[in-house]
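Asker: make a model of this:
(one chain, ligands or ions: 1)
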Amino acid sequence: MVIAISVQKLDHYFGQGQLRRQVLFELKLAINTGEIVIMTGPSGSGKTTLLTLVGGLRSVQSGSLQVLGQEFRGATPQQLTQARKHHGYIFQAHNLHGSLTALQNVKMGLELHRELAPAEMKARSIAMLEQVGLGEHINYYPDALSGGQKQRVAIARALVNRPKLVLADEPTAALDRKSGRDVVNLMQALAKEQGCTILLVTHDNRILDVADRIIHMEDGILGYCQLNQKLESSY
Ligand SMILES: Nc1ncnc2c1ncn2[C@@H]1O[C@H](COP(=O)(O)OP(=O)(O)OP(=O)(O)O)[C@@H](O)[C@H]1O
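Answerer: Next up is the predicted model:
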């Protein structure tokens, strides 16, 4: 089994001088390619900090973090930008552009792939919107879509690129029970189909069953993991 994410002795600090505060403590974690891992834990425990480090959105300060075979500790901003091309991001506030249609928003997910001809980009984006059940809504603006539909556009945008890694932060937080369930089922199905790895942060207990594994963050420490509902004391 190939490791997609490998974390060793990862610490992280915010602030300078007297205000400097450690928020992640000696994290150790390995996530296999194709695995869906859900990270839970109280507010402020460090989940988003870890997710953004894995996403190459902030610099690794100490320890080791390898993502898709690349060491992020000491990576240059250009290397991190390059690495991010293999990631898809899905956030709570879906961050759609209000002035762009669903199709235009999804096409933005292909922007970094300049090798694709415009017709190919359009065809791929339409196919992706059809896959998330929005084939009839491709020319709608976000304002005319429900919360669940907007989140499905965000998923289409994150996955259109066929990323090897999908990072999701509270993707169901703004959704009702059914929309939330639809969204995670869709992420799971598409991820399994494309063989990508998912790391998803959530407080939503209703979606935990889509995970292959659940990990728990508390006060900056990854305390235990849960495999198929079975508690284990360590990794
Ligand atoms: N840019 C920042 N500067 C200073 N402190 C920060 C910064 N970002 C986060 N923190 C602090 O780091 C700690 C971890 O925050 P983080 O956002 O990772 O937690 P979280 O588990 O994702 O919380 P939530 O579930 O509420 O999103 C918190 O104490 C937070 O206040």
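Asker: could you use CA atoms for every contact and neighbour count after this?
Answerer: Fine.
Asker: what's opposite the residue sitting nearest the centre point of the chain in the beta bridge?
Answerer: The centroid of the chain falls nearest to Leu167 when counting by C-alpha atoms, centre = their mean (1.0 Å). Under DSSP bridges, the beta-bridge partners of Leu167 are Tyr89, Leu199.
Asker: now it: how far from the ligand?
Answerer: Using C-alpha to the nearest ligand atom, to the nearest Å, we find Leu167 at a distance of 13 Å from the ligand.
Asker: where do the helices sit along the chain?
Answerer: Here the chain has its helices, by DSSP state H, at 47-54, 77-84, 102-108, 118-131, 147-159, 177-194.
Asker: tell me the pLDDT at Gln70?
Answerer: With respect to pLDDT, Gln70 scores 95.
Asker: which bits of the chain sit near the ligand?
Answerer: Applying C-alpha under 6 Å from any ligand atom, we find that the chain lies next to the ligand at 14-15, 23, 42-49.
Asker: quick one: low-confidence parts of this structure?
Answerer: 1, 93-94, 224-235 (pLDDT under 70).
Asker: burial count for Leu10?
Answerer: If you count neighbours by other C-alpha atoms under 10 Å, Leu10 ends up with 20.
Asker: number the residues from 57 up from this point.
Answerer: Yep, numbering from 57; the last one is Leu66 now.
Asker: and the gap between the residue nearest to it when sequence neighbours are not counted and the ligand?
Answerer: In this structure, Leu66 finds its nearest non-sequential neighbour in Gly119, 4.3 Å apart by C-alpha to C-alpha, 6 or more residues apart in numbering. Gly119 sits 17 Å away from the ligand, going by C-alpha to the nearest ligand atom.
Asker: kindly report the same for Leu113.
Answerer: 12 Å.
Asker: likewise for Pro227?
Answerer: Pro227 is 12 Å from the ligand, where distance means C-alpha to the nearest ligand atom.
Asker: right, and Ser118 touches Gln64 too?
Answerer: No - checked against C-alpha atoms under 8 Å, the pair Ser118 and Gln64 is beyond contact range at 9.4 Å.
Asker: redo the helices of the chain as CSV? Include mean neighbour count.
Answerer: Listed next are the helices of the chain as CSV, based on neighbours: other C-alpha atoms under 10 Å:
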stretch, mean neighbour count
helix 103-110, 20
helix 133-140, 15
helix 158-164, 24
helix 174-187, 18
helix 203-215, 25
helix 233-250, 17
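Asker: so what's the residue count around the residue nearest to Tyr196 when sequence neighbours are not counted?
Answerer: If the residues on either side of it in the chain are set aside, Tyr196 comes closest to Thr157, at 5.3 Å by C-alpha to C-alpha, 6+ apart. Thr157 has 20 neighbouring residues, counting by other C-alpha under 10 Å.
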